[in-house]
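Student: I'd like to go over a predicted model; first the sequence, then the structure.
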Amino acid sequence: FSPSPPSSFPWRPTGALFASRTGITATHVPFRGAAQTIPAMLSGDVDFAIDNLASYIPAIQQGQMTPLAVTSAGRWPGLPQVPTMGEAGVPDFVVTSWATFVVPAGTPRAIMDQLSASIRSIATDPEMQQRFQTAGALILGSTPEEASARAARERPMWREMVRLSGARAD
């Protein structure tokens with residue numbers, strides 16, 4: 001992970017955290033997303049990317065790219081041979097993107113509980129789990145309290161990434 005001269009890669013807050021924790025020097029190459037990043041990587045214009053796995057699955061399956069590690073806490077079910085960042089030598093580097101359903105403040109608890117139960121039911125369906133995994137995602141269900149707790153646990157890490165990357169709201 002210590003390339004010399006500096007590597008170039010699409011810089012996002014996750015990349016800033018990676019560079020900080022590994023001590024590498026890297027050059028930011030701004031791209032809007034994987035649709036620009038993948039061709040740049042395949043042509044050799046950038047050296048690596050830390051990005052959402054779903055966009056890269058086809059290139060990985062076609063043998064055009066080699067995954068070095070996943071940023072999830074455990075190995076990815078569809079790529080069990082790929083180590084986690086911790087296993088690859090970068091401890092305490094669990095960074096995943098996730099989404100949650102939200103409702104307006106003041107929504108009655110009974111409605112929130114019903115919606116949460118429905119989502120958890122869908123998330124435990126093996127067919128839905130397979131569909132999500134094929135697309136490069138995992139489907140999970142939780143309670144409103146669990147989702148809020150996860151957001152609170154991750155907030156310090158995201159603050160660190162924003163600080164390291166120098167990102168600012170325009």
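Tutor: Perfect, thanks for sending it.
Student: Grab the nearest non-local neighbour of residue 71.
Tutor: Leaving out its chain neighbours, the residue that sits closest to residue 71 by Cβ to Cβ, 6 or more residues apart in numbering is residue 95, at 4.4 Å. Glycine gets a C-beta too; all of them are placed from N, C-alpha and C.
Student: what's that neighbour in contact with, if anything?
Tutor: With Cβ atoms under 8 Å, 6 or more residues apart in numbering as the criterion, the residues that contact residue 95 are 14, 17, 50, 71, 157, 161.
Student: got it, and residue 67?
Tutor: 53, 56, 60, 79, 82 are the contacts of residue 67 under Cβ under 8 Å, 6+ apart.
Student: The nearest residue to the first one once chain neighbours are set aside: neighbour count?
Tutor: Taking Cβ to Cβ, 6+ apart as the measure, residue 53 lies nearest to residue 136, with 4.7 Å between them; neighbours along the chain are not counted. By the measure other Cβ atoms under 10 Å, the count of residues near residue 136 is 17.
Student: do the same with residue 153
Tutor: The local packing count at residue 153 equals 9, with neighbours defined by other Cβ under 10 Å.
Student: That one sits in which helix or strand?
Tutor: For residue 153, the host element (DSSP states H and E) is helix 144-165.
Student: Check which helices and strands that helix is in contact with.
Tutor: With contacts taken as 3 or more Cβ pairs under 8 Å, 6 or more residues apart in numbering; DSSP states H and E, helix 144-165 sits against helix 13-22.
Student: got the angle for the helix it packs on vs helix 144-165?
Tutor: If you take axes from the mean of the first three to the mean of the last three Cα atoms, to 10 degrees, helix 13-22 sits at 70 degrees to helix 144-165.
Student: For the next helix or strand after helix 13-22, name the packing helices and strands.
Tutor: Taking DSSP H and E as the definition, the helix or strand that follows helix 13-22 towards the C-terminus is strand 26-28. In terms of contacts (3+ Cβ pairs under 8 Å, 6+ apart), strand 26-28 is packed against strand 7-9, helix 13-22.
Student: 6 Å instead?
Tutor: Packing partners of strand 26-28 (3 or more Cβ pairs under 6 Å, 6 or more residues apart in numbering; DSSP states H and E): strand 7-9.
Student: what's the one helix or strand residue 130 maps to in contact with?
Tutor: Taking DSSP H and E as the definition, residue 130 sits inside helix 126-134. With contact meaning Cβ atoms under 6 Å, 6 or more residues apart in numbering, helix 126-134 is reached by 77-78, 122, 138-139.
Student: Could you do stretch 96-106 as well?
Tutor: 52, 72, 147.
Student: Give me the local confidence score for the last one.
Tutor: At residue 147, the model reports a pLDDT of 90.
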